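Participant: Build me a model:
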Amino acid sequence: MLDFIVASLADGLLLGFVYGIAAMGLSLIWGVMDVINLSHGSVIALGMFGIYLAFTGLGLNPYLALPLVALAGLGLGVLVYAVAVHRVIDAPHLSTLLATFAVNMIILGLGTAIFTASPRNVDFALGTFTAGPATLTWTRVVAALVAALVAALLYLFLYRTQLGKSIRAVANNRGAAELMGIPSSQVLALSFGMGTMLAAIAGGLIATFFPFTILAGGAYELKSFVICVLGGLGNPLGALVGGLILGALESIIPAFMETTWVPVLEFVLFVLILLIKPSGLLGSKT
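Facilitator: Got it, this is the predicted structure:
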């Protein structure tokens, strides 16, 4: 039993890095813009299909296609911000919720019409290796390494570049940032684009080891909400930590009960965090 738990935990932690990247996109948009992006799941699904089309249609290695998917996600996010979010950015939260929900339904409708709801799979494997009691697939290891690299690059961008400092300034006080000459509209568009880019990257990585449909992103969006609340809404680093915790829980729970209990316990955890420590384990940035 112990060997099984250790093996499952190692596999879950690898998956947790990818969960963390998905949640970081949601958390970044909330932290900078105070907007809950309900189109997050559909963008994750588009990332999956981006990798699928690049692999099956163009014959590209999924990891070589990932930068293209990331750029497409960035462009899509900027477009969505300009069309649907910019006009309601200062409106009540319900307005931004409805705007992003409308974008979500448009993407799902078009995606279903184009791709149907049939499951797809990226038939790509790198083999397995054994580390102690754990037998791990290289696709998950590479996905975790890519996710960790993306998280590190995001940290360096936010804290070591002038543009990243502008994003943090707008997140802290938009009015004061504008008085200092920072173009807040452009910074907000970039922030929304980066959040969707992270979602697309996460979807592309998930596509390398799980089958998916155009509706698959919804489940990962819900996980992202749990992770953001767990780690601290608005805190990208907390989202990564929350992703690791959720991945570990998902891997350990089936050792003691049916897998159908996994989503139930995830949302029980969600409610408990809201009741006991609403700011999350690492707190939210102000």
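
Participant: what about the strands in the stretch 101-250 of the chain?
Facilitator: 128-131, 134-137 (DSSP state E, counting those that start in this stretch).

Participant: partners of the first one, with directions?
Facilitator: This points to strand 128-131. strand 134-137 (antiparallel) (DSSP bridges).

Participant: In CSV, list the C-alpha atoms belonging to the strand it pairs with.
Facilitator: Coordinates of each C-alpha in strand 134-137 appear next as CSV, following Å, rounded to 0.1, in the frame of the first residue of the first chain:
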residue,chain,number,x,y,z
ALA,A,134,7.0,4.8,-9.0
THR,A,135,6.7,4.1,-12.7
LEU,A,136,6.3,7.5,-14.4
THR,A,137,5.6,8.5,-17.9
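
Participant: centre of the chain versus that strand, how much separation?
Facilitator: Mean-position distance between strand 134-137 and its chain equals 24 Å (CA atoms, centre = their mean, to the nearest Å).

Participant: Tell me the span between the first and last residue of stretch 246-264.
Facilitator: Its first and final residues considered, stretch 246-264 spans 13 Å by CA to CA, to the nearest Å.

Participant: tell me the most buried of the strands of the stretch 101-250 of the chain?
Facilitator: Comparing the strands of the stretch 101-250 of the chain by mean neighbour count (mean count of other CB atoms under 10 Å), strand 134-137 comes out on top with a mean of 16. C-beta: built from backbone N, CA, C; applies to glycine.

Participant: average pLDDT for it?
Facilitator: The pLDDT scores in strand 134-137 average 79.

Participant: got a list of contacts for it?
Facilitator: Outside strand 134-137, the residues within contact range by CB atoms under 8 Å, 6 or more residues apart in numbering are 6-7, 10-11, 14, 125-130, 209.

Participant: Where do the helices of the stretch 51-200 of the chain begin and end?
Facilitator: 62-80, 93-115, 138-160, 162-172, 174-179, 184-206 (DSSP state H, counting those that start in this stretch).

Participant: Need the max-distance pair from the contacts of strand 134-137.
Facilitator: Using CB to CB, those span at most 23.4 Å, a distance reached by 6 and 125.

Participant: between those two, who's got more neighbours?
Facilitator: Counted by other CB atoms under 10 Å, residue 6 and residue 125 do not tie: residue 6 has more neighbours, with 14 against 11.

Participant: Next, the contact list for that one, please.
Facilitator: Residue 6 neighbours (CB under 8 Å, 6+ apart): 132-134.

Participant: how much space between it and residue 129?
Facilitator: 15 Å (CB to CB, to the nearest Å).

Participant: Likewise for residue 247?
Facilitator: Distance from residue 247 to residue 129, by CB to CB: 19 Å.

Participant: gap between the residue most central in space within the chain and residue 72?
Facilitator: Residue closest to the mean C-alpha point of the chain, counted by CA atoms, centre = their mean, is residue 22 at 1.0 Å. As judged by CB to CB, residue 22 and residue 72 stand 16 Å apart.

Participant: Now residue 89: phi and psi?
Facilitator: phi -60, psi -30 (degrees, to the nearest 10).

Participant: Just to check, it is in contact with residue 188?
Facilitator: Yes: contact criterion CB atoms under 8 Å: residue 89 and residue 188 qualify, at 6.6 Å.
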